[in-house]
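Undergrad: below are the sequence and a predicted model for it; my questions follow.
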Amino acid sequence: MSKITSSSTAEYFAKNLQQVGFSSPAKAVLTTVKEAVDNSLDACEEAEILPEIFISIKKVGAGASRNTDLVEIIVEDNGPGLEADDIPKVFGEYLASSKFGRGRCSRGQQGIGISAATTWAQLTNATGVRVTSKTAKMKKALSTIVDVDIKGNKGLLKKKETVDWNKPHGLRVEFRIDGRVQLNGDGGLLTYIEGTTLVNPHLTLKYALPDQDDVDVERVSQTMPEVPPATLPHPHTMKLGEFMTHAGLFGKITLENFLKKGFSRVSDVTLKEMVKKGLKKALLDKSLTAIAETDYKSVYQLLQDVELVAPSTRSVLTVGEEGLSKSIHRLGQVDFFSVVTRKPRICDFKPVVVEVAIARFLNRPGSEGGEEPIQLLRFANRVPLQFDKGACAITRAVESVNWRSYGINQPKDSLPTGPYVFAISVTSPFIKFKNASKETIDGSEELIEEIRRALMQAGQKLSRHIRAESKAADLERKILHIEKFGPILVQGLARIIGAPKGRVAKAEEGLKKLLGRDASSAEKELEHAESQLKQLKAKQRGGGSDDEGGAEEEARPHAEEAAEQEESKSTKTPAKKKKGGGKAVMTAAAAGSDEEMA
Amino acid sequence: MAKHVVRIRELTTDIPKEAEILCEMMLSELEKAKRPVLEAIKCSLDNSLYNPKVGYLTPGDKRVKTELNVSSVQKMARTIFMLEILLGNLKSGAVNTKRELYYISKGLVRSNPHYRPLDFDDQPESDAIIDFIGDLLEVYREEMNCFANDRGGQTYSKNLVVTETLPDGDKAVVDLGSLGTTPFQPKNKPQTFKLKPKKGKIDFCLVVESEGTANTLVANGMHIRHNCIIIGAQGVPSNGVRGWCKTIEDQLAVPMYFYGDLDAYTLQNIYRTLKAGSAASLVRNADFSAPDVKFLGVLPEDVKKYDLLCYSVSEKDQAEARSLKKAKDALDNDPFFQDKKNKKLADILHWLVKEKKRCEQQAVFSVDPKDPQILEKIIVEKIKKGAYV
């Protein structure tokens, strides 16, 4: 029998880096940037500092691996900085996190990502990450290289030195890794930067990317997002193993105290209920350390059987409609947009908030009338999700909405098309991902429905803009029609019956009067649509939601409006009408027996 | 150019005069700043009536009204534009196909930028306008000198003599028995025929859905062994084939049989069109249907009797699902199949819906693969035994 050995967490991840986002050279660059920026943003928010981040990515040579470049990645922030003792833990030790299991909507959770980036640097370029850190207490900054001690799962500091840094506090990380720089596309760096900019209105971001001009994106909000306090876990969101691990954190307290202090929504009434259902009273007074595994199981099962109040939604953080409205203009020249922040809801016993921003842009693919799919930006806890789009709950929700009823083109069961950006953010302290690299949200029907509702609300708002456009186009088309076909019709009639010029002039006059009536009614419709649009814009400028009464109540009237608009579109669009007008006749003729196509 | 065009029927409508009345009405309404309204018979199944005593589908009371507005102004302008071309043809005696009319209109648009907004993107657009004019004036397109290309109707007989009166009054006599392997084919335009048997009386006329199968029967000598007429329909019968069958039925009073596939398409689109006309041609079914044609097969009973190979119709296959839907629709909406007189035909549709099978006309060749005359034998046996609907 071969010898059984155990390996450290670091060894496991060093062999399985593809599981945490390092599955290709291009993904390695993106993941490294993402992990560094996520940490910076979380640190700034924790310290209530408006973040100012600088990203620099350069190709500095050939990579050691085949078909790769040696890529230098620098991320610098104005955050609180790290104490010297914390640096090896953060960058060199797996599962060392200040955020693990805290029930907060922070970007990072487990303490894997940045250590994995250090490991990747070490594996591909034989050196870890250079970290420069300065806290408010330090006079000089500490600069050091962190390597991962893979056998021992801990960080090792090398080449420690103190350096002058003209910042009051902050952190700078420099990686040199084998990778490839991909700027565009779903998995591109620019998509990541756009997404991060959008959901962080309070962020000032400066970046320098290869073959691109340096860009400064100023913050549009001076307000720090209010990070809600962490909440205790809800028993119904845990599995047995998690329940027992959680108990391990509480030491020698009694089971009763553990249940009451270690969870939210567990009260004396809950415990009475559990006793009624068969929990031995004596067990409640026992110390956690004295409880057998089988007893843990029965306590867990009884706890699952008891009806509990749903967890609090206070722990959920939102970007907010005002912030999104301002931030969306940082992505390009916006034609029009709509934003929706839903009230926090409970989905699958977890508090969730869904936010949607939909914007139509000028000068984007599809703005020339092409049929490019919309750009879908997905976010989980304000982190862009850039891979495996098809499997994500957000994508499924977008595809399930009938966008045509809001005036947006959509092939069957697919993403809609046009020069739009759909940004959908799901925030929750307990997001369920499909994999460790957190690329796709694993969605229950309940969560998908919640996302759908947010999308439909945004679609309803958007359709007001589109309707105004459609009315304008309708008026233009009607006037054009009169000018184009009127004289031809009248002259044709006159030729067939040999009518004099006087009659022609009179008939043309009559025709103009007739069709002019149609045009004036279209003008009225246009005025109405434009006034509605103005009201909406005024509300958007005000930054508030215009439907605080709740989406469900408003959904129906809007949907009906959208449906009406759809109907009017289909009867008024020239090309469609042209064919539709003669359809009864054409269909009948085509069904006949005397087709005569050459 | 043929000045004396043969007419299909005694036309009571003076087309140029009717067209002028229509245009006069439209112009004077416009002078008064009123919206002219064009009215045409609604040519669709929901406006079709079937009376077995009449024998073909006739139009109901429904009319399609097109009122001038911003959306219909283009259609009206195109209608008047095409009407002018057709009236010009009637005046000069020129004839055209729909496709030629499409190109004529394209040519006029190209030569005069004023007409550019009227330009047709493709032929279905101009076809629809031509049909609309026919429906408006309640005339056949052939009566507006617009003819279809010839398709189907190849006819074989050893005992049929056709005398055709030509537009200039000359008569052409065609003895079908003397044509060798060449068939006689009716044109898809009005022709004046006088039919008579060379001697005695012709026993029956067989219309076969597949042109190829009709040719096989002839090549094997069926028309020599039997005193009959064999016609290949080539799918959905063209106006020429429909008119030709009516002429045979009217002038020779021979029993007429149709033989084709056992499926909804054949029953509704091919056989019903041949026997009672179509919903699309409600205004002309009187002259383009042969109400006495019997459905000889393939019948559901033949499938059982001869153990014929069938295809199962899967609802998963789009085309096949459509065919099933078509059978159900025909039972629900087609007045021809809803009439008591045609109950047995409706029963065949019920059988198709229930069994979800279809059987091709050529399946009979599987009965005795070594006998090339097997189809002929079965057809003759069925006629003798009255095994038809």
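TA: In hand now; what should we look at?
Undergrad: do I have it right that residue A:466 meets residue A:404?
TA: No: taking Cβ atoms under 8 Å as the definition, residue A:466 is not a contact partner of residue A:404, at 10.9 Å. For glycine as for every other residue, the C-beta is placed from the backbone atoms N, C-alpha and C.
Undergrad: quick one: stretch B:272-284 to chain centroid distance?
TA: 7 Å (Cα atoms, centre = their mean, to the nearest Å).
Undergrad: and it, what's its mean pLDDT?
TA: The pLDDT scores in stretch B:272-284 average 91.
Undergrad: about what we covered before: residue A:466 and residue A:404 - which one has more neighbours?
TA: Legend: neighbour count by other Cβ atoms under 10 Å in any protein chain shown for residue A:466 and residue A:404, higher for residue A:466 (21 against 17).
Undergrad: how far off centre is stretch A:79-94?
TA: 28 Å.
Undergrad: list the buried residues in it.
TA: For stretch A:79-94, burial by neighbour count (16 or more other Cβ atoms under 10 Å in any protein chain shown) applies to A:79-82, A:87-94.
Undergrad: report the rounded mean pLDDT for the longest helix belonging to chain A.
TA: Ranked by number of residues, the top helix in chain A under DSSP state H is helix A:445-497. Helix A:445-497 shows a mean pLDDT of 85.
Undergrad: helix or strand right after that helix?
TA: Sequence order places helix A:501-542 as the next helix or strand after helix A:445-497, per DSSP states H and E.
Undergrad: and the angle for that next one with helix A:445-497?
TA: Orientation note: helix A:501-542 sits at an angle of 160 degrees relative to helix A:445-497 (axes from the mean of the first three to the mean of the last three Cα atoms, to 10 degrees).
Undergrad: does helix A:501-542 reach chain B?
TA: Yes: against chain B, helix A:501-542 shows contacts by Cβ under 8 Å from any Cβ of the partner chain at A:503, A:506-511, A:513-515, A:518-519.
Undergrad: which among those residues count as buried?
TA: In these, burial by neighbour count holds for A:503, A:506-508, A:510-511, A:514-515, A:518-519, counting by 16+ other Cβ under 10 Å.
Undergrad: so residue B:64 lies in a strand, does it not?
TA: Yes: counting by DSSP: H, G, I helix; E, B strand; the rest coil, residue B:64 is part of a strand.
Undergrad: what about it, neighbour count?
TA: As a burial measure, residue B:64 scores 19 neighbours (other Cβ under 10 Å).
Undergrad: equivalent analysis for residue A:281, please.
TA: Neighbour count for residue A:281, taken as other Cβ under 10 Å: 10.
Undergrad: contacting residues for it?
TA: residue A:275 (Cβ atoms under 8 Å, 6 or more residues apart in numbering or on different chains).
Undergrad: among the buried ones among the residues of helix A:501-542 next to chain B, which two are most distant?
TA: Taking Cβ to Cβ as the measure, these span a maximum distance of 24.0 Å, between A:503 and A:519.
Undergrad: distance to chain B and secondary structure for the buried residues of stretch A:79-94 - can I get that in TSV?
TA: Converted to TSV, the buried residues of stretch A:79-94 look like this (distance: Cβ to the nearest Cβ, whole Å; DSSP: H, G, I helix; E, B strand; the rest coil):
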residue	distance to chain B	secondary structure
A:79	60	coil
A:80	63	coil
A:81	65	coil
A:82	62	coil
A:87	63	helix
A:88	62	helix
A:89	60	helix
A:90	58	helix
A:91	58	helix
A:92	58	helix
A:93	57	coil
A:94	51	coil
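Undergrad: so which of the residues you listed comes closest to residue A:213?
TA: Of all those, residue A:213 sits closest to residue A:79, with 26.4 Å by Cβ to Cβ.
Undergrad: let me see the confidence value for the residue lying closest to the closest one once chain neighbours are set aside.
TA: Counting by Cβ to Cβ, 6 or more residues apart in numbering or on different chains, residue A:43 is the residue found nearest to residue A:79 once chain neighbours are left out, at 4.0 Å. pLDDT recorded at residue A:43 is 88.
Undergrad: what about the longest helix of chain A, distance to the chain center?
TA: Distance, centroid of helix A:445-497 to centroid of chain: 31 Å (Cα atoms, centre = their mean).
Undergrad: same check, this time on stretch A:239-252
TA: On the basis of Cα atoms, centre = their mean, stretch A:239-252 sits 32 Å off its chain's mean C-alpha point.
Undergrad: buried residues in it?
TA: For stretch A:239-252, the neighbour count (16+ other Cβ under 10 Å) marks A:243-244, A:246-247, A:250 as buried.
Undergrad: of all the residues in the stretch 101-250 of chain A, which one is nearest chain B?
TA: Relative to chain B, the nearest point of the stretch 101-250 of chain A is residue A:186 (33.0 Å; Cβ to the nearest Cβ).
Undergrad: ok, that residue to residue A:478 distance?
TA: Using Cβ to Cβ, to the nearest Å, residue A:186 is found at 42 Å from residue A:478.
Undergrad: do the same with residue A:534
TA: Residue A:534 is 23 Å from residue A:478, where distance means Cβ to Cβ.
Undergrad: before we move on, what about residue B:142?
TA: With distances taken as Cβ to Cβ, residue B:142 is found 38 Å from residue A:478.
Undergrad: and for residue A:57?
TA: 53 Å.
Undergrad: which residues in the stretch 1-150 of chain B form strands?
TA: Applying DSSP state E, counting those that start in this stretch to the stretch 1-150 of chain B gives strands spanning B:37-41, B:48-50, B:57-59, B:63-67.
Undergrad: follow-up on the earlier one: mind putting the buried residues of stretch A:79-94 into a markdown table with pLDDT and distance to residue B:335?
TA: As requested, the buried residues of stretch A:79-94 are exported to a markdown table (pLDDT from 0 to 100; distance: Cβ to Cβ, whole Å):
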| residue | pLDDT | distance to residue B:335 |
| --- | --- | --- |
| A:79 | 93 | 81 |
| A:80 | 93 | 85 |
| A:81 | 92 | 87 |
| A:82 | 90 | 86 |
| A:87 | 88 | 88 |
| A:88 | 87 | 89 |
| A:89 | 85 | 85 |
| A:90 | 84 | 82 |
| A:91 | 86 | 83 |
| A:92 | 78 | 85 |
| A:93 | 76 | 84 |
| A:94 | 68 | 79 |
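Undergrad: closest to residue B:136 among those?
TA: The nearest one, if we look at the buried residues of stretch A:79-94 relative to residue B:136 and count by Cβ to Cβ, is residue A:79, at 79.4 Å.
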